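J.: got a predicted structure here, sequence first:
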Protein chains: 4
Amino acid sequence: MNSGSLVEESVGALPRRERERRQRRRDILDAAEAVFAAKGFHAASIEQIARKAEYATGTVYLYFQDKEALYIELLGEKIRELLETIRRHVADVSDPVEALKILVRVRMDYFGRHRAFFRIYAREGMNRYEQRRDRWTGVTRTYEEYLDLLARLIQSAQRRGRFRKGEPRLYAVALSGMMIQLTLDWLQSPEEHAPADRTEFVLDLFLQGAQAD
Amino acid sequence: MNSGSLVEESVGALPRRERERRQRRRDILDAAEAVFAAKGFHAASIEQIARKAEYATGTVYLYFQDKEALYIELLGEKIRELLETIRRHVADVSDPVEALKILVRVRMDYFGRHRAFFRIYAREGMNRYEQRRDRWTGVTRTYEEYLDLLARLIQSAQRRGRFRKGEPRLYAVALSGMMIQLTLDWLQSPEEHAPADRTEFVLDLFLQGAQAD
Amino acid sequence: MNSGSLVEESVGALPRRERERRQRRRDILDAAEAVFAAKGFHAASIEQIARKAEYATGTVYLYFQDKEALYIELLGEKIRELLETIRRHVADVSDPVEALKILVRVRMDYFGRHRAFFRIYAREGMNRYEQRRDRWTGVTRTYEEYLDLLARLIQSAQRRGRFRKGEPRLYAVALSGMMIQLTLDWLQSPEEHAPADRTEFVLDLFLQGAQAD
Amino acid sequence: MNSGSLVEESVGALPRRERERRQRRRDILDAAEAVFAAKGFHAASIEQIARKAEYATGTVYLYFQDKEALYIELLGEKIRELLETIRRHVADVSDPVEALKILVRVRMDYFGRHRAFFRIYAREGMNRYEQRRDRWTGVTRTYEEYLDLLARLIQSAQRRGRFRKGEPRLYAVALSGMMIQLTLDWLQSPEEHAPADRTEFVLDLFLQGAQAD
DNA sequence: TATGAATGAGAGTTCATTCAT
DNA sequence: CATGAATGAACTCTCATTCAT
């Protein structure tokens, strides 16, 4: 029993080394999120990020190749997380309109809880810095997957006669735009309304706008 | 004749000095628009802007206090221009829904024709750099005026029973978000659709979404 | 007369702007020579060079693309100067052995007077830093021209039966090696001998070594 | 048996601890030779050397005080080795001219077989980095011993009337310079000649150059 | 004793801004 | 006024060295 537990010490968990390594990456990513959100890519400095994460400048470079790589990884991770959260919530829902409602709620909620990330996403989101555009393919692809998911739900609703005709991608983009702008506006205003209000507002507007006559 | 021309030199026009001064400002603003649009605020350099405008670096500083001031003035001017164009078109239209249609068309058209500006507006638009937030009040105010105009039209339509209830400002923001995102998407995609298509798409979606039952 | 002199003000000379520009380049090159000689390429810093030349760091970059470009230009210029000095002295000398004597004397003298340069030349001389090897072609070519000149004189002496057979380039390289090493040794020793002594020593050794039996 | 092996463990050899210690030093020195030769002192990094030797970065510092100490020790060891090889070959040769021939052949051969070392020796050889010149005394002294050996052979030949008069050290330095430069040139050229050719070339040139009339 | 992650000083380079001409 | 060379602070990134494990 004892020896067994000794053996199993790291079963089901990562070895300490790797665990710590990931923690530090996390620390840096979190600090980067805050700083990038506050200042944007260029105005943010590696030293600020390092200081905020309570590491030395050089340490950042042990975990990320350079400033842009850190930025991309941050964005990619967050978008992936959002996409996966949405997928999880939508997975078992067969009614596409119902699924859309859930998607909008999850997304508005996610943005409400990750304001720092949202600032980056909305304001500098798909900006590309430097020359190496290939580095961005991962992020771009994830973003496209998210749009595809939205578009497929809309298409599905159209086929069932619930939504009227029209290019599904355009509906997806328009819906996305409403959510982004309403969240941005909410972030800047002195929190009059709860973000939940805006969620239902978006849903009402979009669902009536898209519904079949 | 001679004396006449002497007198008329500055009749109905600004004195030469002032005229030239404005022309130079214009040159610089135009160059700045192109360069900021292509590279974003930080990556753009004053020297590039000056060279593009065919002036020396130092000259820029005779017309604008610093880089940020130039950026803000450019943005403010463009938004003001947009707002005034909209106002002109909407002025004599008494039906608020009709006015809204015109507003959307004018705005989508404006963005379609001022892509350089739109890149700035959408991507870095409301980003503030530096600490001095007060500098931005002018731009912010103009932007708010534009949103107010939108909101008032919506409120007007609500009062006439054409639109259903709901915070007018939220409708305004949502409509704005759709337009921005659809234009952005159009800028990045390989021009499948004409932007005009997207204009009518936005109108259909919004008007049905907002209409009273 | 007066007006004539006014017109001729810059005849036969460079305009002030260009003159000053060259002077500053000179200042920087001179400072770079001293610093590179004392520390070698890597250990020398742009800031040291700038400070020595009494300019700001950034100024160096107005005249040279980067650190390596400055280094290459410095080396190239000096070697070119040496080559031209030699050519000038040798031009009218028809006897190849006599020309060789002059060449050796000029070169030893040049090194004696440009010790800083010599340190660079001898110790790090043909080292290439960074990846861009093409940048070096100019310098390399000039150096090869110098070796060719040496080799041609030797070949000429061989044809006249003054020197014995053997690959002229090897004689050139060997002679070059003697001069370099003797100068290096002289630089490090407490100036016992005048460098002129070493010049005659090299000549005696080489000419007897190479002479036909 | 057991006790025997226990006893013999360190018979005729160093204790295991010390043996291992020396082995590690060797490993590191060998790796350092390759890396320094390929990149030069500054561009080489301790981490590269450690990785090449298959140790961790920190381990290098258990065996050498710092980067410069490692560099100096490497150089010193190699020069010592060369000096000893020469001494061994020359020890029993009574004719100084014969001994010189052997010396040149051994040295050219040594350089041909230790190109990595030669690159260091010739290109950065006597460069000193940092301020602490005293660290270099060991290397310098060994180098001087080598030059002395050369000079003594020459002096000996002079006394026997085989070589003409002249400062023996200058002959030594000149001979050294020829060898260095010819080897360098050979390293850079597309191996036309075998290095052995150059060895005989050096001997011919020097011996005839130095011989008494 | 060996490890290798963390450190942080220091390097090269850029560019907003100033100012003598 | 217009110019554009000079400035120097600030930034990204590297790497010799240290030290907890």
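T.: Structure received.
J.: what pLDDT, on average, does the top helix by length along chain A get?
T.: The helix that spans the most residues within chain A, counting by DSSP state H, is helix A:16-43. For helix A:16-43, the mean pLDDT works out to 92.
J.: does chain D sit close to that helix?
T.: No - using C-beta under 8 Å from any C-beta of the partner chain, helix A:16-43 never reaches chain D; the gap is at least 14.2 Å. In short, each C-beta sits where N, CA and C put it, glycine included.
J.: what's the first helix or strand after that helix?
T.: Per DSSP states H and E, the first helix or strand lying C-terminal to helix A:16-43 is helix A:46-53.
J.: and the residue of chain A nearest chain D?
T.: Relative to chain D, the nearest point of chain A is residue A:62 (12.1 Å; C-beta to the nearest C-beta).
J.: from residue A:55, how far out is that residue?
T.: 9 Å (C-beta to C-beta, to the nearest Å).
J.: who's more crowded, those two?
T.: For residue A:62 versus residue A:55, neighbours defined as other C-beta atoms under 10 Å in any protein chain shown are more numerous around residue A:55 (17 against 12).
J.: identify each buried residue in the longest helix of chain A, please.
T.: Within helix A:16-43, the residues scored as buried using 16 or more other C-beta atoms under 10 Å in any protein chain shown are A:24-25, A:27-29, A:31-37, A:39-42.
J.: quick one: the residue of chain A closest to chain D is in a helix?
T.: Yes - under DSSP: H, G, I helix; E, B strand; the rest coil, residue A:62 falls within a helix.
J.: burial measure for residue A:189, as a count.
T.: 11.
J.: er, residue A:107 actually
T.: 24.
J.: grab the nearest non-local neighbour of it.
T.: Leaving aside its sequence neighbours, residue A:107 sits nearest to residue A:179 (C-beta to C-beta, 6 or more residues apart in numbering or on different chains; 6.2 Å).
J.: show me the contacts for the most centrally placed residue in chain A.
T.: Closest residue to the average C-alpha location of chain A: residue A:79 at 3.1 Å, with C-alpha atoms, centre = their mean. Applying C-beta atoms under 8 Å, 6 or more residues apart in numbering or on different chains, we find residue A:79 in contact with A:121, A:139, A:142-143, A:146.
J.: filter the residues you listed down to the ones in helices?
T.: A:139, A:142-143, A:146.
J.: now neighbour count, pLDDT and distance to residue B:95 too, for those residues, in a markdown table please.
T.: Putting the ones in helices among the contacts of residue A:79 into a markdown table (neighbours: other C-beta atoms under 10 Å in any protein chain shown; pLDDT from 0 to 100; distance: C-beta to C-beta, whole Å) gives the following:
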| residue | neighbour count | pLDDT | distance to residue B:95 |
| --- | --- | --- | --- |
| A:139 | 22 | 90 | 45 |
| A:142 | 20 | 93 | 44 |
| A:143 | 21 | 91 | 39 |
| A:146 | 20 | 95 | 39 |
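J.: which one of those is nearest to DNA strand F?
T.: residue A:139 (17.8 Å; C-beta to the nearest atom of the strand).
J.: per-domain residue ranges of chain A.
T.: Split into domains by automatic domain parsing, chain A comes to A:12-64, A:74-213.
J.: comparing the ones you listed, which comes out most buried?
T.: Looking across the domains of chain A with neighbours counted as mean count of other C-beta atoms under 10 Å in any protein chain shown, the highest average goes to domain A:74-213: a mean of 17.
J.: straight-line length of it, end to end?
T.: End-to-end distance for domain A:74-213, by C-alpha to C-alpha, to the nearest Å: 43 Å.
J.: thinking again about what came up before, closest one to chain C out of the buried residues of helix A:16-43, please.
T.: Once C-beta to the nearest C-beta is applied, the member of these that ends up nearest chain C is residue A:42, at 19.7 Å.
J.: please name the nearest non-neighbouring residue to the closest one.
T.: residue B:42 (3.4 Å).
J.: contacting residues for that neighbour?
T.: A:40-43, B:129.
J.: state the helix or strand in which residue A:76 lies.
T.: Per DSSP H and E, residue A:76 falls inside helix A:67-90.
J.: give me the distance from that helix to the chain's centre.
T.: 5 Å (C-alpha atoms, centre = their mean, to the nearest Å).
J.: what is the very next helix or strand once past it packed up against?
T.: With elements assigned by DSSP H and E, the helix or strand that comes after helix A:67-90 is helix A:96-113. Here helix A:96-113 touches helix A:67-90, helix A:137-159, helix A:168-188, helix A:195-210, going by 3 or more C-beta pairs under 8 Å, 6 or more residues apart in numbering or on different chains; DSSP states H and E.
J.: for the residue nearest to residue A:24 when sequence neighbours are not counted, give me its contacts.
T.: When the adjacent residues along the chain are set aside, residue A:24 lies closest to residue A:63, with 6.5 Å between them (C-beta to C-beta, 6+ apart). Counting by C-beta under 8 Å, 6+ apart, residue A:63 makes contact with A:24-25, A:28.
J.: near DNA strand E, from the residues you listed?
T.: residue A:24 (C-beta under 7 Å from any atom of the strand).
J.: output the below-cut-off pLDDT ranges for chain A.
T.: Applying pLDDT under 70 to chain A picks out residues A:1-13, A:123-132, A:190-195.
J.: get me the contact residues on it for DNA strand F.
T.: Close to DNA strand F, as judged by C-beta under 7 Å from any atom of the strand, chain A has residues A:44-47, A:57-58, A:61, A:66-68.
J.: ok, so of these, who is nearest chain C?
T.: Looking across the residues of chain A next to DNA strand F and measuring by C-beta to the nearest C-beta, the closest to chain C is residue A:66, at 18.3 Å.
J.: what about the closest one, how many residues nearby?
T.: 11.
J.: which ones are touching it?
T.: Residue A:66 neighbours (C-beta under 8 Å, 6+ apart): none.
J.: and what of residue A:183?
T.: A:108, A:111-112, A:118, A:122, A:195, A:198.
J.: then residue A:45?
T.: Contacts of residue A:45 by C-beta under 8 Å, 6+ apart are residue A:35.
J.: kindly recompute the last result at 10 Å.
T.: A:35, A:39, A:51, A:57, A:67 (C-beta atoms under 10 Å, 6 or more residues apart in numbering or on different chains).
J.: now name the helix or strand holding the one residue in chain A that gets nearest to DNA strand E.
T.: Relative to DNA strand E, the nearest point of chain A is residue A:58 (1.7 Å; C-beta to the nearest atom of the strand). Applying DSSP H and E as the criterion places residue A:58 in helix A:57-63.
J.: give me the distance between that helix and the centre of its chain.
T.: Counting by C-alpha atoms, centre = their mean, helix A:57-63 comes out at 24 Å from the chain centroid.
J.: how about stretch A:15-31?
T.: Distance, centroid of stretch A:15-31 to centroid of chain: 20 Å (C-alpha atoms, centre = their mean).
J.: re earlier: distance to residue C:167 for the domains of chain A - can I get that in TSV?
T.: Formatted as TSV, the domains of chain A follow (distance: least, C-beta to C-beta, whole Å):
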stretch	distance to residue C:167
domain A:12-64	52
domain A:74-213	49
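J.: and residue C:152, which of those is closest to it?
T.: domain A:74-213 (48.1 Å; C-beta to C-beta).
J.: what does chain A put close to DNA strand E?
T.: So far as C-beta under 7 Å from any atom of the strand goes, chain A lies against DNA strand E at A:20, A:24, A:55-59, A:61-63.
J.: how about a cut-off of 10 Å?
T.: A:17, A:20-21, A:23-25, A:27-28, A:42, A:46-47, A:50-51, A:53-63 (C-beta under 10 Å from any atom of the strand).
J.: doesn't residue A:165 fall inside a helix?
T.: No - if the criterion is three-state DSSP, then residue A:165 is coil and not within a helix.
J.: touching, it and residue B:201? I think so.
T.: No - counting by C-beta atoms under 10 Å, residue A:165 does not reach residue B:201; the two are 11.1 Å apart.
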